[in-house]
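A.B. asks: Sharing a model that was predicted from the sequence below.
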Amino acid sequence: MNLPRVEHRSVFVTGCSTGIGRATARLLKERGWRVFAGARKAADIESLSSEGFMPVEIDMTDSAGIEAAVASLFEATGGTLGALVNNAGFGQPGAMEDISRDALRHQFEVNVFGLQELTNLVLPAMLKAGAGRIVHISSVLGKVSTPLMGAYCASKHALEALADAQRIELRGTGIGVILVEPGPIRK
């Protein structure tokens, strides 16, 4: 796959409170990207700002908040965005027999539905530019299921399918869809 160079070196990384999101934001910043770092909690927003990131408050369960976050991104970048790293997510532990419908719905709201809504909102700017990268952070548990993590595994299986479909649908547009499947990490 031969993709055009991303000229707009601005990136929105969600889930930057800790772990993979924070490390990704730091690495991209070191490499000269203009990093918009997403987080949900005020303390994390403050911490990201103190590190020199452009923090963006975002809750993946809140459609109005997702729209507001994208509006603020586009205001700051003049309507462009070179890359989106969909990292925000969490794992709902527990035996499937103990996971309520609401808990399962919340797992999918964060890890799947909010992620796709955000992607759909930034995609038109990438299509207009004819280049961009969408990186979905999944998990090795998107390939296999483990006991007591069924809800999380199911949400990551769904993300795998979405990413595969997007990759095919966006072929030839200049937008690359990348799926990362990490294993356990230290925070």
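C.D. replies: Structure's in. What do you need?
A.B. asks: rest of the way, CA atoms for contacts and neighbours
C.D. replies: Will do.
A.B. asks: which residues touch the biggest helix by length in the chain?
C.D. replies: For the chain, the longest helix by residue count, based on DSSP state H, is helix 150-169. With CA atoms under 8 Å, 6 or more residues apart in numbering as the test, helix 150-169 has contacts from 90-96, 99, 104, 107-108, 111-112, 136, 138-139, 141-146, 176-179.
A.B. asks: Show me which of these are buried.
C.D. replies: 92-93, 99, 104, 107-108, 111-112, 136, 138-139, 141-142, 145, 176-179 (16 or more other CA atoms under 10 Å).
A.B. asks: Could you tell me which of those belong to strands?
C.D. replies: His136, Gly176, Val177, Ile178, Leu179 (DSSP state E).
A.B. asks: how far away is the last one from Ala39?
C.D. replies: Computed as CA to CA, to the nearest Å, the Leu179 to Ala39 distance reads 21 Å.
A.B. asks: same thing with the third one?
C.D. replies: Going from Val177 to Ala39 by CA to CA gives 22 Å.
A.B. asks: give the contact list for Ser49.
C.D. replies: Applying CA under 8 Å, 6+ apart, the residues contacting Ser49 are Pro55.
A.B. asks: What strand or helix carries it?
C.D. replies: helix 42-50 (DSSP states H and E).
A.B. asks: which residues are contacting the helix or strand following that helix?
C.D. replies: Once helix 42-50 ends, the next helix or strand along the chain (criterion: DSSP H and E) is strand 54-57. By CA under 8 Å, 6+ apart, the residues outside strand 54-57 that reach it are 35-42, 45-46, 48-49, 65, 69, 72-73.
A.B. asks: please redo it, this time with the cut-off set to 10 Å
C.D. replies: Contacts with strand 54-57, where a contact means CA atoms under 10 Å, 6 or more residues apart in numbering, come from 12-14, 16, 34-42, 44-49, 65-66, 68-70, 72-73, 76.
A.B. asks: Buried subset of those residues as a PyMOL selection?
C.D. replies: If you want just the buried ones from the contacts of strand 54-57 in PyMOL, going by 16+ other CA under 10 Å, the selection is:
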select buried, resi 12+13+14+16+34+35+36+37+38+39+40+44+45+48+66+69+70+73
